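>>> Would you be able to build a 3D model of this:
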Amino acid sequence: MSRIDQLISELERSYRETQERMSDPSVYNDHREAADVGRRLKELEGPYKLSQEWRQAVDDLAAAKGDPELSTMSADLQLEVDRLEEALKLSLVKADPLDSKDVIIEVRQGVGGDEAALWAGNIFHMLTKYAERRGFKVEVLSSSPSEGGGFKEVTFGIKGEGAFSVFKYEGGTHRVQRVPETESQGRIHTSTATVAVMPEAEEVEVVIDEKELRIDVYRATGPGGQGVNTTDSAVRITHIPTGVVVAMQDERSQMQNRDKAMRILRARLYEYERQRQQSALAAHRKAQIGTGERAEKIRTYNFPENRLTDHRIKLTVHRLEQILANGELEEFTDTIVSEERRRALEEDVA
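Numbers count the residues shown, from 1 in each chain. Model (predicted):
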């Protein structure tokens, strides 16, 4: 049996077994298990459909080779068999177990002063528009607007099946080259914004000992330091073992601010541990797709040339303004996903 025949046999067996489990009353009555089995069945549906198309194409090719009148179609049918085989192998590359999770994203101004804050605002707008295009729900968790517009930093959550699989490739440094509105000489300035993308962690996934937290409360303030609240509603939580600090003041009640701060803290601690465990893998992949770390420059946005370049996949397009305005990032995400799967398949074969 060839490797592709073996892969398809295993896939078909897994698909049948998963369907049977979905019909099992004991699974159906366990909501958590039913959700896991349903998710697994959804993962298998695409590869299973490709496997059936591959089988049909192989049968058509065999029939064409055996019929003199159809022999001229053999070359085209062989190409179709090869295409489906490649697509099937790529579809079977093991998915990141975090891909289905919701995400929390932090956008911060980088180098460039007020222009960097404006740029952080542009990146925030682009990513939220992209989320809407994908049918996800966006929730702003905290923000620190700059006096000249834009954001010093903004943190927001994106909810929806597969959110992490889409937005994990946005982590890193986004560099812009443009002429600021305040630039009288028409000189091009370079500014940056950094993006951190974290899978949102459930309470059961990150157990936080209250004894390891220092919680400070204080009065919320607005841009420029003016008071906006007469009660101690703002909350700052410090996780003592790691030194991770989360401050929240956007809500009017202390309890709401505390709940949001804990969500962000859980996500940061989850990401902290994930990065620690995967440090060896990250070092290996750094020369490939990239690690997504904030220090890593992932894209350059050049306004004078209406150009956007993704340095990880060497992809350049010349429709920068509409991508920023409408969040049209699908081409970049799809290309990176395909490239990552192809490399994972090569490593698996090796």
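
>>> Can you list the buried residues in the longest helix anywhere in the chain?
As assigned by DSSP state H, the longest helix anywhere in the chain is helix 31-65. Using 16 or more other CB atoms under 10 Å as the test for burial, helix 31-65 gives 34, 37, 40-41, 43-44, 47-48, 50-51, 53-54, 57-58, 60-61, 64. Yep, even glycine has a C-beta here, placed from its N, CA and C like the rest.

>>> contacts for the helix or strand following it?
Following helix 31-65 in sequence order, the next helix or strand is helix 74-91 (DSSP states H and E). With CB atoms under 8 Å, 6 or more residues apart in numbering as the contact definition, helix 74-91 has outside contacts at 4, 7-8, 46-47, 50-51, 53-54, 57-58, 60-61, 64-65, 338, 341-342, 345.

>>> list the contacts for residue 267?
104, 198, 199, 200, 201.

>>> bridging residues for the third one?
Looking back up the chat, that one is residue 199. Residue 199 has these beta-bridge partners by DSSP bridges: residue 103.

>>> would you put the C-alpha positions of stretch 67-85 in CSV?
C-alpha atoms of stretch 67-85 as CSV (Å, rounded to 0.1, in the frame of the first residue of the first chain):
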residue,chain,number,x,y,z
ASP,A,67,-9.9,3.3,-23.2
PRO,A,68,-8.1,4.3,-26.4
GLU,A,69,-10.8,7.0,-27.1
LEU,A,70,-10.1,8.6,-23.7
SER,A,71,-6.3,8.2,-23.6
THR,A,72,-5.8,11.9,-24.7
MET,A,73,-7.4,12.9,-21.3
SER,A,74,-4.8,11.0,-19.3
ALA,A,75,-2.3,13.8,-18.9
ASP,A,76,-4.9,16.2,-17.6
LEU,A,77,-6.4,13.6,-15.3
GLN,A,78,-2.9,12.8,-13.9
LEU,A,79,-2.4,16.5,-13.2
GLU,A,80,-5.7,16.5,-11.3
VAL,A,81,-4.7,13.4,-9.3
ASP,A,82,-1.4,15.0,-8.4
ARG,A,83,-3.1,18.3,-7.4
LEU,A,84,-5.6,16.5,-5.2
GLU,A,85,-2.9,14.4,-3.6
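
>>> Make 122 the starting number, not 1.
Renumbered: residue one is now 122, and that last one reads stretch 188-206.

>>> how about the helices in the protein?
Under DSSP H, the chain gives helices at 124-144, 146-149, 152-186, 195-212, 234-254, 284-288, 375-398, 400-406, 441-447, 451-470.

>>> between these, which gets nearest to residue 342?
Residue 342 sits nearest to helix 375-398 of all the helices of the chain, at 13.3 Å, using CB to CB.

>>> May I see the buried residues of that closest one?
Residues 375, 378-379, 381-392 are the ones in helix 375-398 that count as buried (16+ other CB under 10 Å).

>>> farthest-separated two in those residues?
Largest separation among those by CB to CB: 375 and 392, giving 25.8 Å.

>>> which ones are touching the residue lying closest to residue 386 once chain neighbours are set aside?
If the residues on either side of it in the chain are set aside, residue 386 comes closest to residue 367, at 4.8 Å by CB to CB, 6 or more residues apart in numbering. The contact partners of residue 367, taken as CB under 8 Å, 6+ apart, are 357, 358, 382, 383, 385, 386, 389.

>>> how close does the residue nearest to residue 191 when sequence neighbours are not counted get to residue 202?
Nearest non-adjacent residue to residue 191, counting by CB to CB, 6+ apart: residue 185, 4.1 Å away. Separation of residue 185 from residue 202 (CB to CB, to the nearest Å) stands at 11 Å.

>>> For stretch 303-311, measure first residue to last.
End-to-end distance for stretch 303-311, by CA to CA, to the nearest Å: 14 Å.

>>> Identify each buried residue in that stretch, please.
residue 310.

>>> How about residues contacting that stretch?
Contacts of stretch 303-311 (CB under 8 Å, 6+ apart): 232, 233, 235, 236, 296, 297, 298, 299, 300, 301, 425.

>>> Just name whatever secondary elements the longest helix of the chain is in contact with.
With contacts defined as 3 or more CB pairs under 8 Å, 6 or more residues apart in numbering; DSSP states H and E, the packing partners of helix 152-186 are helix 124-144, helix 146-149, helix 195-212.

>>> Deepest-packed of those, please.
Highest mean neighbour count among these (mean count of other CB atoms under 10 Å): helix 195-212, with a mean of 16.

>>> Now it: average pLDDT?
For helix 195-212, the mean pLDDT works out to 86.

>>> cool, and stretch 146-159?
Stretch 146-159 comes out with an average pLDDT of 82.

>>> Render the CA-only coordinates of that stretch in PDB, please.
Provided in PDB are the C-alpha atoms of stretch 146-159 (Å, rounded to 0.1, in the frame of the first residue of the first chain):
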ATOM      1  CA  PRO A 146     -25.900   9.000  23.400                       C
ATOM      2  CA  SER A 147     -23.200   9.100  26.100                       C
ATOM      3  CA  VAL A 148     -21.200  11.600  24.000                       C
ATOM      4  CA  TYR A 149     -24.300  13.500  23.000                       C
ATOM      5  CA  ASN A 150     -25.300  14.000  26.600                       C
ATOM      6  CA  ASP A 151     -21.800  15.300  27.600                       C
ATOM      7  CA  HIS A 152     -21.700  18.800  26.300                       C
ATOM      8  CA  ARG A 153     -18.000  19.200  26.600                       C
ATOM      9  CA  GLU A 154     -17.200  15.900  24.900                       C
ATOM     10  CA  ALA A 155     -19.900  16.500  22.300                       C
ATOM     11  CA  ALA A 156     -18.200  19.900  21.500                       C
ATOM     12  CA  ASP A 157     -14.800  18.200  21.200                       C
ATOM     13  CA  VAL A 158     -16.100  15.400  18.900                       C
ATOM     14  CA  GLY A 159     -18.000  17.900  16.800                       C
END
